[in-house]
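After the sequence you'll find the predicted model.
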Amino acid sequence: MDDTVSPGPNFVLIAHTAAAGNRRAALAVALGVVAAGGLLAAVAVFGLGTLLARTPWLATALRVVCGAYLAWLGIRLWLRARAPESAPPEARGSAFRQGVVSNLTNPKAAAFFGSVLTATLPPGEPAGVKAAAVALIVVASTAWHLSVALLFSAPATQRWYEHAKPALNRVVGTILIALGLALAAT
């Protein structure tokens with residue numbers, strides 16, 4: 001869900017896998033991202049919000065670490081804008097795992113679910129409201145990430161991506177750097 005706000009590592013992984021010509025692997029990566037996002041959302045609404053509310057220093061540390069990581073990812077995109085791509089995952093099981101790992105280790109996802117989501121759903125909300133919010137996030141995330149996989153695996157998009165990759169990586173890198181610095185500074 002966090003990639004719907006701005007492109008991030010999950011978006012780049014799905015788009016790259018799809019644009020490299022492997023639709024099945026891209027769909028598996030997308031489903032892995034969705035599964036991990038659902039887990040992160042559930043953890044956030046059913047417990048992390050309470051922990052962060054009781055320990056403000058932990059929320060601050062999470063924002064600073066996640067912001068620094070986002071900025072680092074942006075810098076990496078800039079530095080590798082013209083570098084040849086590494087091969088995307090081929091096996092569906094491997095691709096699914098890569099999607100899960102990408103989202104579970106994505107500080108942007110942790111920051112989103114740990115701050116935005118927990119702020120909009122305080123610990124006192126009924127469990128049914130929290131479960132509905134998690135379900136809505138999973139549905140929206142599924143639609144978005146599968147759409148990215150299908151769009152970027154289209155032959156016309158694959159040709160466009162091959163030519164646009166250097167500029168696109170720089171734009172996304174700049175956005176990640178700006179978001180990371182803003183997150184760390186707030």
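Structure received. Numbering: from 1, shown residues only.

Please enumerate the helices of the protein.
For the chain, the helices defined by DSSP state H cover 9-19, 23-43, 49-54, 56-79, 92-104, 107-111, 118-120, 127-152, 155-185.

Would you mark the buried spots in the first one?
Right, the one you point to is helix 9-19. Pro9, Asn10, Phe11, Val12, Leu13, Ile14, Ala15, His16, Thr17, Ala18, Ala19 (16 or more other Cβ atoms under 10 Å). Just so you know, the C-beta spots here come from the backbone N, C-alpha and C atoms, and that holds for glycine as well.

go on, the second one?
Buried residues in helix 23-43, counting neighbours by 16+ other Cβ under 10 Å, are found at 25-43.

Give the other helices and strands that that helix contacts.
Of the remaining helices and strands, those touching helix 23-43 by 3 or more Cβ pairs under 8 Å, 6 or more residues apart in numbering; DSSP states H and E are helix 9-19, helix 92-104, helix 107-111, helix 127-152.

of the ones you listed, which approaches Ala167 most closely?
helix 9-19 (14.0 Å; Cβ to Cβ).

now what about stretch 28-46, what contacts it?
Identification of contacts with stretch 28-46 by Cβ atoms under 8 Å, 6 or more residues apart in numbering yields 1-3, 10, 13-14, 17, 89, 92-93, 95-104, 109-110, 113-114, 117-118, 121, 125, 127, 130, 133-134, 137-138, 141-142, 145-146, 148-149.
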